[in-house]
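*Asks:* I need the structure of the sequence given here:
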Amino acid sequence: MARLPRLYAPGLPQLVQANFIQPLAAPSQPAPADILNQLATWLGESAQRHRVSVHGWLLANDRILLLATPADEEGLPRLMQTLGRNLAARLRGGRVFAGRYRSALLEPGAWVLPALVWLETYPVRSGASQDPDSWPWSSASSHTGNTTAAPAQWQSDHADYWACGNTPFDRQANYRKRLQDGLSREESQRIDQAVSGQWALGGPSFIASLAHTASRRVAPGQRGRPRKKPATPAPADAEPSSTPNS
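*Replies:* Residues are numbered from 1 along each chain as shown. Down below sits the predicted model:
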């Protein structure tokens, strides 16, 4: 089956996941701080170079997660290509990503904050950390006000995060509670499915609005072959056709 083209729509945020072929460290080993610090530096440099606004980010032993809005259709692919090339050179190996990265378009006002929570709670789900904002290689600490880690100067918070409160303290407190509460099972499943399938995530009106702006179809089609239309019966008063006698 041919792979889908990259999904893009102007001005809309995307949730991105790229898995490593080989984890940077075994589960029993500490996280490789030097590699992850370097990867964070590359991420900031590449985001600025390729004009990608990064609203949320997380670097783990086995994957990269981003919530970002690119300025154009080529921004995210170029950013991910740069990270892959730099990391391959740093590790002195071959290809580092397990296939293409996957992404989902998000409806602002509805799915940006849930996607941010999904992203920043990954260290807890994977067992790498007990608290989301204590993982050093993540945007979580800047969103909750945890001062143990310096905020990334290249990070650009989304308008939905700014709507969490009128002051930095209010925003951090309200988002911290959201992060601690986590997501419902349905929310997590919908995000997982959207990223895995590389679809848009939003309500019916949002999906419909993308019909003329997205780079390709944004939702999965119906499975199976199209159903055949039933044959139209002949009118009851139609005369039967006659066959001449031979």
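
*Asks:* which residues of the protein score low on pLDDT?
*Replies:* For the chain, applying pLDDT under 70 flags the ranges 1-4, 150, 215-246.

*Asks:* residue closest to the middle of it?
*Replies:* For the chain, the residue nearest the mean C-alpha position is Leu15 (1.7 Å; C-alpha atoms, centre = their mean).

*Asks:* what's the helix or strand for that one?
*Replies:* Here Leu15 sits within strand 14-19, counting by DSSP states H and E.

*Asks:* Tell me the gap between that strand and the middle of its chain.
*Replies:* In terms of C-alpha atoms, centre = their mean, to the nearest Å, the centre of strand 14-19 is found 4 Å from the chain centre.

*Asks:* tell me what it is packed against?
*Replies:* strand 63-70, helix 75-91, strand 102-106, helix 112-120, helix 185-197 (3 or more C-beta pairs under 8 Å, 6 or more residues apart in numbering; DSSP states H and E). (C-beta placed from N, C-alpha, C; glycine too.)

*Asks:* ok now stretch 162-175, how far from the chain's centre?
*Replies:* Relative to the mean C-alpha coordinate of its chain, stretch 162-175 is positioned 23 Å out (C-alpha atoms, centre = their mean).

*Asks:* picking up where we left off before, to Ala163, which of the helices and strands packed on strand 14-19 lies closest?
*Replies:* When the helices and strands packed on strand 14-19 are compared for distance to Ala163 using C-beta to C-beta, the nearest one is helix 112-120, at 8.7 Å.

*Asks:* Helix or strand next in line after that closest one, which one?
*Replies:* helix 122-125.

*Asks:* how about that next one: buried residues?
*Replies:* 122-124 (16 or more other C-beta atoms under 10 Å).

*Asks:* quick one on the thing from earlier: turn the helices and strands packed on strand 14-19 into a markdown table, columns for mean neighbour count.
*Replies:* What follows is the helices and strands packed on strand 14-19, written out as a markdown table (neighbours: other C-beta atoms under 10 Å):
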| stretch | mean neighbour count |
| --- | --- |
| strand 63-70 | 23 |
| helix 75-91 | 18 |
| strand 102-106 | 24 |
| helix 112-120 | 24 |
| helix 185-197 | 15 |
